[in-house]
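Engineer: Structure of the sequence below:
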Amino acid sequence: MARLNFIWNLSRFNKRLISVFIDLTFVVVSFYGAYWTRIGSVEPLYTEDVQKVLVITSAVTIYTFTRLGLYRAVLRYLTFHALAVVSIGTAVSALTVAVSAFYLHEPIPRSVPIIYAAFLCILCGGSRLIVRSLVSQLTGRGKQRVLIYGAGSAGRQLALALRNSDTHRVVGFVDEDRTLENTVLMGIPVKGVSEAGRLVDKHSVKQVLLALPSASRSRRKKILDTLVHLSAEVLTVPDMKDIVEGRATIDELKDVDIDDLLGRDPVEPQPSLMEANIRGKVVMVTGAGGSIGSELCRQIIQYSPKKLVLFEISEFALYSIDRELNSLVCKLGADIEIVPLLGSVQRINRLAVTMSSFSVQTVYHAAAYKHVPLVEYNVVEGVRNNVFGTYYAAQAAVDAGVESFVLISTDKAVRPTNVMGTTKRVAELALQALAEYQKHNGEKTRFCMVRFGNVLGSSGSVIPLFKRQIAAGGPLTVTHPDIIRYFMTIPEAAQLVLQAGAMGKGGDVFVLDMGEPVKIVDLASNLIQLSGLEVKSKANPDGDIEIHFSGLRPGEKLFEELLIGDNVQRTAHERIMTAKERFLSIDEFNLLINRLDKACHDFDHESIRKILLEAPTDFSPTDGIGDLVWNAANQNNDNVVPIPKSSS
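Structural biologist: Model prediction:
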C-alpha cells in the first residue's frame, strides 16, 4: 500500500515517463510474443535487421501515443475515449511492423503484425483499466456507499455523475425490471428489489438514492413502503420537470418529499375554473403572506390578473411575498401590477376603502389565526380576527361591489372541540347569512367557503417540526398514539380553492377530497426510518430516536371531519364536493355578532363561551376556558385591570 501511495504521489511528468517505459516494454513483449506464437521460436528475431524493425516500431508507437494524447489522460478518470486512442495507436504500430519488415526485407510472416496488434492492445488497454480500477478502489474507501433505485435513464445519469464524486460510491442498482436483473450497467451490478436489504447489509450502504423523477406519487409511495425498513437513509433526485427546465441537476439529492409518503397524485386543474375569477380582473388576497395566502398568490399570477392586491398584517411576510411575486412577474414577462398593503382585517374602514379604491372584483380571504392551542390561549383575539375579521371583509366586499368572495375554512370547523374551529364555523355562518340576504335583495357579491384539512409545509404543520427534531437527534413529540389527520400539499390546496371559488353560486360550502387520513405516529416512524435511523422503543431499546407522546393539547381532536350533514353532492371536479349546512338569517346573525362583540369588549370569557355554545356550530369543548390573561386575572383578582369604556 505504501509503494502504491508513493507512485500515486509522483509528479505528472514522472508518471508519464513510467507510462512510456511500460508501453515500450509492452511493445517488445508483444513483438516477441507474436513471433513466438506464429513460429514457436524467437531465435530468428536476434538478427540486426529484425532489431531495427523493433526499434522503428517502438519509436513510432510511442510517438503515435503521444500525439494522440494518451499520456495526457488521467488514469483515475479514464474513459472509453482513451481505449479508442490505444486501438488507433496499436493499428499504427502493427502497420509499422509490416511496412518496416517489407522495406528491410525481413522474412516476418504476414500474420505476425495482426497477432502483435492484438497483444499490444490487450496489454496497453488492459493495464490502464487495471490501474484505473485499483485507483478507484483506493480512493473509494472513504466514500459513502450508495445504492441507486432505478436503472433507467435517470439512474444511469446519476451513477455517471457520482462516478467522479469525492463523497459517494455507487455499489449497485436496484430495479423492478426483471429483464435487467443480474446484469451489469456501466460496471455496476443490477439486482432485483428483493435484494435491496441484502445489498445494504453486505456493502454497509448508507444511502439509497431514488432515481425515478417521473414516477407518480402513488408509485413512489409503494416503493418507499418497500424501502422504509432498510437501515439506510432514502434520498431522491429532483423532479424531471425541474431537471429539464434547468432548475436542478440530476445529482442534487434531497430528502424524500413528504407528499411521496402520502402517495396522493394531484389532479390536473381545469383551466376554465382556474381563470374564471382571475384573468383580467382585480384580485385581492387577505393574509397574503401566510402559507396558504402566498401560494394562492403564486397560482393567481399564472392566470394573468389585471392587478393583485396583497393585504397582510405582518410587514416581513408582506415584504417577502411582494418581492417574490414581482420577481415571478418579471420572469413571466406579464403586465400585472402587484399592490402590497399593510392592514388588519379587524379594521373595516381599511378593508372597504381598499376594495373600492382598487375596484376589487375577487377576494380570497385567507387571513386567520389557525393554531389551535394559541387561539385557546388568546380567545378574544381569535374571535376578533377569525369571526369579526371575516364579517368585516365580507361587508366591505358587499359595499365595494366585489363579484366573488371566497373564505378559506378548515376541517376543524366541523363539530369543533376548540375555539379556533368554532370561530371558523361562525365565520362560515356570517357568509351564509350574507349570501341568503343578498338573494332577496339583489346584491351581486357571491359568497362561498372552502374547507380542507392540514396542508404539508404550512406554518402550523407538524412535518417541519418532525424534521427539526430528527436533525437535533430527537425525540419526536406526538400528542397521542391514535391521532390521525388529513393532509394535502399547499399547491394542490390552492388550486382546488381557486377552482371551487369559480363554482360558487352563493352561500356554498365546498369540501375538498383530502384522500385517506394518516396516522401521525406512522408518519413520524417513516420519517425516522427514511433518515436511515431506527425508532427507539421498548421493543428496540438500541434504536436512535424515540417518539414521545405528550398528550392532546387544549381543544385538540383525535380525528378531524370535513362535513356536518350527510347531504353531500359531487361537483364538476372530482375532488371538490358541496354540502348543505344549517345557517342563520342575517337578523339572527347580527344578534349573535352584537352579543359576541360586547362579550369580547368586556373580556367576559364565560359569555363568549356561552354564545359560541348557543350558536349552531355544534361546539363541544373538551377543556375549560384556556385564555391566559383571563386565567391569570382569576388567579389574582387584586391585579385585575379595569376595562376601559372605549371599543376593545
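
Engineer: Send me the helix or strand that contains residue 383 as PDB with only the CA atoms.
Structural biologist: Element membership for residue 383, per DSSP states H and E: helix 379-383. Provided in PDB are the C-alpha atoms of helix 379-383 (Å, rounded to 0.1, in the frame of the first residue of the first chain):
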ATOM      1  CA  VAL A 379     -59.600  33.700  22.900                       C
ATOM      2  CA  VAL A 380     -60.700  37.300  22.300                       C
ATOM      3  CA  GLU A 381     -58.000  37.900  19.600                       C
ATOM      4  CA  GLY A 382     -59.000  34.600  18.000                       C
ATOM      5  CA  VAL A 383     -62.700  35.600  17.900                       C
END
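
Engineer: just checking, what packs against that helix?
Structural biologist: Here helix 379-383 touches helix 372-377, helix 419-441, helix 586-601, helix 605-614, going by 3 or more CB pairs under 8 Å, 6 or more residues apart in numbering; DSSP states H and E. Bear in mind the C-beta positions are built from the backbone N, C-alpha and C, glycine included.

Engineer: So for residue 311, which of those sits nearest?
Structural biologist: Residue 311 lies closest, by CB to CB, to one member of the helices and strands packed on helix 379-383: helix 419-441, at 16.3 Å.

Engineer: And the closest one, what does it pack against?
Structural biologist: By 3+ CB pairs under 8 Å, 6+ apart, helix 419-441 packs against helix 372-377, helix 379-383, helix 389-400, strand 404-408, strand 446-451, helix 586-601, helix 605-614.

Engineer: Pull out the buried positions in the second one.
Structural biologist: Of the residues in helix 379-383, 379-383 count as buried by neighbour count, 16 or more other CB atoms under 10 Å.

Engineer: contacts for it?
Structural biologist: 369, 374-375, 419-420, 423, 596, 600, 603, 605, 608, 625-627, 630, 648 (CB atoms under 8 Å, 6 or more residues apart in numbering).

Engineer: Minimum pLDDT in these, which residue is that?
Structural biologist: The lowest pLDDT within the contacts of helix 379-383 belongs to residue 648, with 35.

Engineer: hang on, the earlier thing: from the buried residues of helix 379-383, pick the one nearest residue 234.
Structural biologist: Minimum distance to residue 234 across the buried residues of helix 379-383 is 39.8 Å, recorded for residue 382 (CB to CB).

Engineer: Show me the shaky parts of the stretch 251-400 of the chain.
Structural biologist: 251-254, 256-267 (pLDDT under 70).

Engineer: And the helices in it?
Structural biologist: With helices called from DSSP state H, counting those that start in this stretch, the stretch 251-400 of the chain shows them at 258-262, 271-276, 291-301, 315-332, 348-357, 372-377, 379-383, 389-400.

Engineer: Please convert those helices to JSON lines, extending it with distance to residue 156.
Structural biologist: JSON lines is the format used below for the helices of the stretch 251-400 of the chain (distance: least, CB to CB, whole Å):
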{"stretch": "helix 258-262", "distance to residue 156": "22"}
{"stretch": "helix 271-276", "distance to residue 156": "36"}
{"stretch": "helix 291-301", "distance to residue 156": "34"}
{"stretch": "helix 315-332", "distance to residue 156": "32"}
{"stretch": "helix 348-357", "distance to residue 156": "55"}
{"stretch": "helix 372-377", "distance to residue 156": "48"}
{"stretch": "helix 379-383", "distance to residue 156": "55"}
{"stretch": "helix 389-400", "distance to residue 156": "54"}
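
Engineer: Relative to residue 224, which of the ones you listed is closest?
Structural biologist: helix 258-262 (6.1 Å).

Engineer: Quick check: the residue lying closest to residue 326 once chain neighbours are set aside vs residue 353, distance?
Structural biologist: Nearest non-adjacent residue to residue 326, counting by CB to CB, 6 or more residues apart in numbering: residue 338, 5.6 Å away. Taking CB to CB, to the nearest Å as the measure, residue 338 falls 19 Å from residue 353.

Engineer: So if I had to pick from these two, which one is more boxed in?
Structural biologist: Applying other CB atoms under 10 Å to residue 338 and residue 353 shows that residue 338 carries more neighbours, namely 20 against 14.

Engineer: How about the contacts made by that one?
Structural biologist: If you count contacts by CB under 8 Å, 6+ apart, residue 338 has them with 307-308, 310, 322, 325-326, 329.

Engineer: at 6 Å instead, please
Structural biologist: 308, 325-326 (CB atoms under 6 Å, 6 or more residues apart in numbering).

Engineer: Who does it form a beta bridge with?
Structural biologist: residue 308 (DSSP bridges).

Engineer: Please apply the same query to residue 510.
Structural biologist: Assigned bridge partners for residue 510, using DSSP bridges, are residue 450, residue 578.

Engineer: Count the residues that sit near it.
Structural biologist: Residues lying near residue 510 (other CB under 10 Å) number 25.

Engineer: before we move on, what about residue 307?
Structural biologist: Residue 307, neighbours per other CB under 10 Å, totals 17.

Engineer: Cheers, nothing more for now.
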